[in-house]
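S.K.: Take this sequence and fold it.
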Amino acid sequence: MSNSEATFLYVDDDPLSRDVLQILLHKVMGFSQIEFFEHSNNFVERVQALPAVPSIIFLDIEVRPHNGYEMLALLRDIPTYQEVPIIAVTAQVMAADVDKLRETGFTGLIGKPIDNRLFPQFVNQILQGQAVWHIS
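M.R.: Sure thing, here's the model as predicted:
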């Protein structure tokens, strides 16, 4: 998949986290189709209004009103989103959390703070269908 074809959605209420992902995906990696949600209000309606099904969805776990687990469940109930890689992005990570993320159906995990050096490699791995479980 070329950089012009891949699309992304990132849901995070932290402006700095959104800025970091914007810089890494757009300026460092050259992707141009990136959507950001700063909250999870009207989540399903907003997802269904996207111009394309994202190649990767990044979900912060501590978003409101729907947290990352709830957004994951809502996405997996939509047939076209059942196979989309959905990656948890969170700072609250312990071994039990990783197990819970796996059990609930997340495709992977990228811990915060995001490692700027490794993130491009992680995105490429996910786009190639590989799982990424990285704790910062």
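
S.K.: And the strands in this structure?
M.R.: 7-11, 33-37, 56-60, 86-90, 108-111, 133-134 (DSSP state E).

S.K.: give me the beta-bridge partners of Ile86?
M.R.: On the basis of DSSP bridges, Ile86 is bridged to Ile57.

S.K.: quick one: it and Ser32, what's the gap?
M.R.: For Ile86, the distance to Ser32 (Cβ to Cβ, to the nearest Å) stands at 21 Å. Glycine gets a C-beta too; all of them are placed from N, C-alpha and C.

S.K.: May I see the strands of the chain organised as TSV, with mean neighbour count and distance to Arg18 added?
M.R.: As requested, the strands of the chain are arranged in TSV below (neighbours: other Cβ atoms under 10 Å; distance: least, Cβ to Cβ, whole Å):
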stretch	mean neighbour count	distance to Arg18
strand 7-11	22	6
strand 33-37	18	5
strand 56-60	24	9
strand 86-90	23	11
strand 108-111	21	14
strand 133-134	17	19
